[in-house]
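Engineer: pasting the sequence and the predicted coordinates here, then a few questions.
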Amino acid sequence: QLHLVESGGGFVQPGGSLTLSCTASELNLNGLAIGWFRQALGKEREGVSCITSYDDSTVYADSVKGRFTISRDHSKNTVYLQMNNLKADDTGVYYCTASKIGSRNPDYWGQGTQVTVSS
């Protein structure tokens, strides 16, 4: 079973930055679309960003456009989510997902990493 591993979460003050990483040892992520979701306490899970498998095109939720950047390092089999100018509303558990070509929904999920933005 594929295990996605997220890292990089933590506590940061508003306006600060964090970089999340997503990697997997059992599978080449370069052939998969990788996404980031988040879920705040008491709220529904929402999609944050994704990067395609074929040309590394990126998509962002309106709430993070201009502040978050998703990228892929093919040599390290790792996808990153650079988060700048963080706000309290960005607080939540962030999940990395991987989707095979043609999948409508993620095929694999990580266990999540907590991001807390607070003064």
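Structural biologist: Arrived safely, thanks for sending. Numbers count the residues shown, from 1 in each chain.
Engineer: quick one, what contacts the residue nearest to residue 110 when sequence neighbours are not counted?
Structural biologist: Sequence neighbours aside, residue 4 is the residue nearest to residue 110 in space, at 3.6 Å (criterion: Cβ to Cβ, 6 or more residues apart in numbering). Every residue, glycine included, has its C-beta placed from N, CA and C. Applying Cβ atoms under 8 Å, 6 or more residues apart in numbering to residue 4 gives the contacts 22, 23, 24, 96, 97, 98, 108, 109, 110, 111.
Engineer: could you list which of these belong to strands?
Structural biologist: Cross-referencing the contacts of residue 4 against strands under DSSP state E gives 22, 23, 96, 97, 98, 108, 109.
Engineer: most widely separated two among those residues?
Structural biologist: 23 and 109 (14.0 Å; Cβ to Cβ).
Engineer: looking at these two, which is more packed in?
Structural biologist: Ranked by neighbour count (other Cβ atoms under 10 Å), residue 23 and residue 109 place residue 23 first, with 19 against 16.
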